[in-house]
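**Student:** I would like to see how this sequence folds:
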Amino acid sequence: MTTDTVTRPTTATPEPAEAGTFGDEARERARAAREECERLRAELEAALGPEVWKLVFRYGEAKEYAEAQQHDHEIFLMIGGIAAHFPALAPAIRCLGQHLFESDYGRGDECGSVAYPPGGPGAD
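**Tutor:** Model prediction:
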């Protein structure tokens, strides 16, 4: 009997994020994406007439709102998934998730449990 082995490509396992750098890469990608959006907006506005630009702008706002609503839905799906993995803690996880969502992820004034620097956790 022959035993075939499956070889899988290996990738370097990323090191756990340090407390001060958690989310830095995502924050940088978000900044770069915002800059590219602003560059494209300015280019479109210059190339289109005012009436067409208004229509494009309204479409962009509607699309952004729809995407934000989908993102919110996905956040709650993720919270539910985490809660499902810890049944004994599920009520607390859902409650904490709702609280963080409603308090701008703990950065809002209504979250008084932790004092973060301006800009939130990890901000310098």
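**Student:** buried sites along the longest helix seen in the chain?
**Tutor:** Looking across the chain with DSSP state H, the single longest helix is helix 50-85. Using 16 or more other Cβ atoms under 10 Å as the burial criterion, the residues of helix 50-85 that qualify are 79, 83. Backbone N, C-alpha and C define where each C-beta goes, glycine included.
**Student:** in this protein, which ranges drop under the pLDDT threshold?
**Tutor:** Counting by pLDDT under 70, the low-confidence segments of the chain come to 1-22, 105-124.
**Student:** 50 - rerun?
**Tutor:** Residues of the chain that meet the criterion pLDDT under 50 lie in 1-4, 6-14, 16-17, 19.
**Student:** which helix or strand lies directly C-terminal to the longest helix of the chain?
**Tutor:** On the C-terminal side of helix 50-85, the nearest following helix or strand under DSSP states H and E is helix 90-102.
**Student:** mind giving me the packing neighbours of that next one?
**Tutor:** For helix 90-102, the elements it packs on are helix 50-85, judged by 3 or more Cβ pairs under 8 Å, 6 or more residues apart in numbering; DSSP states H and E.
**Student:** got the angle for the helix it packs on vs helix 90-102?
**Tutor:** Interaxial angle of helix 50-85 relative to helix 90-102 (axes from the mean of the first three to the mean of the last three Cα atoms, to 10 degrees): 160 degrees.
**Student:** which other helices and strands contact helix 50-85?
**Tutor:** If contacts are counted by 3+ Cβ pairs under 8 Å, 6+ apart, helix 50-85 sits against helix 24-47, helix 90-102.
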